[in-house]
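1. only geometry, no sequence info:
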């Protein structure tokens, strides 16, 4: 990857394998985003994590939903235990509460996509 070569970022063999697509296309896409952020921040390396929390579970438009659904379509799965931030709607009662389908349906779909990736359906900002 030219971006990594032109930076001070050092990747482990496992991180390089993900970036090179050896763990599937979903992992390659996710790692390319992480690597770009690391290069922008001038990070010397990535940090190993033992758990994650996805803050992007609040529906703010079609791009976020498309991103999560694309990772699902590509066979993506979280690699560490992962919780989810609050969803934009009450996942069980949004219709009863009068939430418009134009928000309720994509918000529900976003949470569904992230749980399909293996994240725990916690839907809270305090995991």
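-> All right, it came through fine. This one's a predicted model, so the numbers in the text were calculated from it and none came from an experiment. Residues are numbered from 1 along each chain as shown.
2. same for the lowest-mean-pLDDT helix or strand in the chain, what does it pack against?
-> Ranking every helix and strand in the chain by mean pLDDT, DSSP states H and E puts helix 2-5 at the bottom, with a mean of 82. In terms of contacts (3 or more Cβ pairs under 8 Å, 6 or more residues apart in numbering; DSSP states H and E), helix 2-5 is packed against helix 25-40. (Each C-beta comes from the backbone N, C-alpha and C, glycine too.)
3. Pull the distance from the helix it packs on to the chain's centre.
-> 11 Å (Cα atoms, centre = their mean, to the nearest Å).
4. Provide the strand pairings for the helix or strand just after that helix, with the direction of each partner.
-> As assigned by DSSP states H and E, the chain's next helix or strand after helix 25-40 is strand 52-54. Sheet pairing here is set by DSSP bridges, and for strand 52-54 it gives strand 82-84 (parallel).
5. any idea which helix or strand comes after the partner strand?
-> That would be, after strand 82-84 and using DSSP H and E, helix 101-116.
6. Show the average pLDDT along that next one.
-> For helix 101-116, the per-residue pLDDT values average out at 96.
7. List the buried residues in that helix.
-> Neighbour-count burial for helix 101-116, with 16 or more other Cβ atoms under 10 Å as criterion, is recorded at 104, 105, 106, 107, 108, 110, 111, 112, 113, 114, 115.
8. ok, the fifth one touching residue 94?
-> It stands for residue 108. Yes: counting by Cβ atoms under 8 Å, residue 94 is a contact partner of residue 108 at 6.9 Å.
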